[in-house]
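[1] sequence and computational prediction follow.
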Amino acid sequence: MSWRTVVVASSAKLDYQMGFMVIRKQDVVKVHISEIAVVLIETTAVSITAALLSELTKKKVKVIFCDEKRNPSSELVSYYGCHDTSMKIRKQMEWTAELKAAVWTEIVSEKIRKQAEHLTDCEREEAELLYQYISEIHFGDETNREGHAAKVYFNALFGMDFSRSAENSINAALNYGYGIILSAFNREIVANGYITQIGLFHDNMFNQFNLGSDLMEPFRPLVDRVVKEIRPVKFEHEEKMQMLQILQQEVIIAGRKEYVNNAIKIYCRSIFDALNDNDTSLIKFYRNEL
């Protein structure tokens, strides 16, 4: 099972050798590709061979590239993540609007529930209002309880003057964490044979990751918890490494402990089962460890 997150943060050459990713700096480090879930290229001072990229793609390893400011800017997405991709995409195109709305309703409800649980752990009375919003959700969230909950939630966490559009270290950390989570979801969508552009609720013609943006929603509070805990006054390498540890946190899903990285796999497959079998009861959500 792949579980490692490999971060390349300084000048290096990466190549492939007999099943290993070889990282050549002053010293040479080898990591077997079967162990790797994510490779984060945090600096532009890295050269990487086409042979290695090809092998990483075959093994469904998510590769994330950063820009000159060390912020995620792109990722490697396979054309063919599954042997029956064509059939899966045909199924995806046949998902009805009603079915997608039903699954989206479950996703939104769970996201707000996770936000409410976070506020409860922070001993914030606004948690009760979020639980009330869950009971008020209409089919497909037509009244946008998600948007109302988000405003209450972030103001409760970071103060009444906090805005998600402001440029500060907290938003930088949130965006970085969400970017890592989204990449993990995109990997699973492609690995299961579906395309990321066609979403359930998100339908932005400029967003090539609409489906990932939908499915990741209940996992956002995992990022929020870490940002709330570290409350960064700056957002540099050390803080980014803390955000990356989210994928190695343990949660409970399907009755057992799993790393978040693997919980995403289980959850995504359950979502696709629910969509293909027209049964939202098949969705498996995670819960935090007690």
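    Arrived safely, thanks for sending.
[2] got any ranges where the stretch 151-290 of the chain has weak pLDDT?
    290 (pLDDT under 70).
[3] which other helices and strands contact the helix or strand where residue 269 lies?
    Per DSSP states H and E, residue 269 falls inside helix 260-277. For helix 260-277, the packing partners by 3 or more CB pairs under 8 Å, 6 or more residues apart in numbering; DSSP states H and E come out as helix 97-121, helix 169-191, helix 210-215, strand 250-253. All C-beta atoms are positioned from the backbone trio N, CA, C, and that covers glycine.
[4] so what does residue 257 look like in phi/psi?
    Torsion angles at residue 257 (phi, psi; degrees, to the nearest 10) stand at phi -80, psi 140.
[5] that one touches residue 249, doesn't it?
    No - checked against CB atoms under 8 Å, the pair residue 257 and residue 249 is beyond contact range at 10.4 Å.
[6] and these two? Which one has more around it.
    The neighbour comparison of residue 257 against residue 249 (other CB atoms under 10 Å) goes to residue 249, with 16 against 11.
[7] need phi/psi at the more buried one.
    Taking degrees, to the nearest 10 as the convention, residue 249 sits at phi -70, psi 160.
[8] could you check how far it is from residue 60?
    Distance of residue 249 to residue 60, computed by CB to CB, to the nearest Å: 21 Å.
[9] try residue 119
    36 Å.
[10] just residue 18 next, same as before
    Taken as CB to CB, the span from residue 18 to residue 60 is 19 Å.
[11] the two - which one has more neighbours?
    residue 60 (15 against 7).
[12] surely the more buried one is in contact with residue 78?
    Yes - applying CB under 8 Å, one finds residue 60 in contact with residue 78, separated by 7.0 Å.
[13] quick one: common contacting residues for the two?
    190-191 (CB atoms under 8 Å, 6 or more residues apart in numbering).
[14] ok, residue 45 - contacts?
    10-12.
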